[in-house]
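[1] Predicted model follows, preceded by the sequence.
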Amino acid sequence: MKDTLARLSQTYGPSGREEEIRSQLCKELTALEKNLHLKTDALGNLIATRPGGEKRLLLAAHMDEIALLVTHIDDSGFLRFTPVGGHDPRILLGARVVFADGTVGTIGREKLKDKEELKLDKLFIDIGAASKAEAEESCPIGSMAVFAPHFSVQGHRLMGKALDNRASCTVLLEVIRNLPPVDYQIDFVFTVQEEVGLRGARTAAYQLQPDLALVVDVTRTGDTPEAPVMAVKLGKGPAIKVKDRSFISHPRVKDLLEETARLHGIPYQLEILERGGTDAGSIHLTGEGIPTGVISLPTRYIHSPAEIIDYRDLQNSVDLLCSFLQHRDLFSSL
Ligand SMILES: [Zn+2]
């Protein structure tokens, strides 16, 4: 799983421009040789269907990552940008970014007045261009940069960019690899444009109309110095979501997830995220409403160039999902 995550983390795939990460995921899915039916929908969601019966379950993880979109190039070749997804200027300053064609840039800032707050419009991307024309050639207006790829493993801890949400994409691939046959259909969906408002998930849920949905995404932790209070720690197991800004989990789905974890001795935590949300926010509101649950991977420094997760949380998430998906009363108890 570590190698898969390393490949996915380092692949370019900003929201709305997911072609590269989608084709990498297609490769990974094909290599599993699991007779999945693969489809890409109009928005770019990648849907891998495993037929199995009348009932349908949707298992989703978003594949897009946050980015910077070039809005203006000055005469000296410095690029101004607008954020695609949530960015903190304090984290961007000094970060290295990379464009689709491989052009690398670093983030610089204007001089600030005394006690002036650092804002995104004080920042610019420097790709080392000597002129506007030179910059335009590789990074025209509208092009997108993501954090420069790197990936490292230290003990149980994995560090890289876009673990939000390639870690969850990796979990889905591992579930596909390990899950025995079940008597219902599963649509594994790698969604687009989550970071800009849960957009791909909305059309995916609409077309698939599942009886039950599960989302895998990352969540914050409260275990770093002076962190905002939050009862989620790295390495203490997958977090079963209770609530976030756009979603309150279906009580039966949440309880079933907890029951499953306890029954199989899988460590887990309960998550209440006060800021942010996941694809579940749009999926559960589709049609007449869809019973939905979320499994979250505890992650430090979300939306930074170096997010950290614990490998054991990844493995336990796969175990929890595989056990849950084999639960006898999955649909009858809803
Ligand atoms: Zn995110």
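    Now that the structure is in, tell me what you want to look at. Numbers count the residues shown, from 1 in each chain.
[2] So I308, which state does it fall into?
    Each residue gets one of three states, and I308 gets strand by DSSP: H, G, I helix; E, B strand; the rest coil.
[3] was I right about it contacting G155?
    No. Taking C-beta atoms under 8 Å as the definition, I308 is not a contact partner of G155, at 11.3 Å. Any C-beta I mention is one placed from the backbone N, CA and C, and that applies to glycine too.
[4] The two: who's more crowded?
    Between I308 and G155, counted using other C-beta atoms under 10 Å, I308 has the larger neighbour count: 20 against 7.
[5] for that one, which residues make a bridge with it?
    Beta-bridge pairing of I308, defined through DSSP bridges, involves M159, R300.
[6] For the protein, which segments count as helices?
    Using DSSP state H, the helices found in the chain span residues 2-9, 19-31, 89-92, 132-138, 163-178, 199-208, 251-263, 280-283, 311-325.
[7] Just list the residues touching I240, thanks.
    With C-beta atoms under 8 Å, 6 or more residues apart in numbering as the criterion, the residues that contact I240 are 249, 254, 257-258, 261, 268-271, 293-296.
[8] Quick check: pLDDT value at it.
    Here the pLDDT value assigned to I240 is 97.
[9] same deal with S332?
    Confidence at S332, expressed as pLDDT, is 85.
[10] neighbours of it, just the number please.
    By the criterion of other C-beta under 10 Å, S332 has 7 neighbours.
[11] Low-confidence stretches in the chain?
    Segments of the chain classed as low confidence (criterion: pLDDT under 70) are not present in this model.
[12] who does the nearest residue to T40 once chain neighbours are set aside bridge with?
    Nearest residue to T40, sequence neighbours excluded (C-beta to C-beta, 6 or more residues apart in numbering): L46, at 5.6 Å. According to DSSP bridges, the residues that bridge with L46 are T40, F190.
[13] residues contacting P181?
    For P181, the contact set (C-beta under 8 Å, 6+ apart) comprises G52.
[14] What about the residue nearest to T40, how many residues nearby?
    Neighbours of L46 under the rule other C-beta under 10 Å: 24.
[15] need the contact list for it.
    Going by C-beta under 8 Å, 6+ apart, the list of residues near L46 reads R22, L25, C26, L38, K39, T40, M63, V189, F190.
[16] give the contact list for the first one.
    Yep, that's R22 we're talking about. For R22, the contacting residues are G13, T40, G44, L46, M63, F190, by C-beta under 8 Å, 6+ apart.
[17] Narrow those residues to just the buried residues.
    Buried residues within the contacts of R22, defined by neighbour count using 16 or more other C-beta atoms under 10 Å: G13, T40, G44, L46, M63, F190.
[18] wait, isn't the first one in contact with V146?
    Yes. Here G13 lies in contact with V146, judged by C-beta under 8 Å, at a distance of 7.4 Å.
[19] Pull up the overlap in contacts between these two.
    For the pair G13 and V146, residues contacting each of them under the criterion C-beta under 8 Å, 6+ apart are E65, A162.
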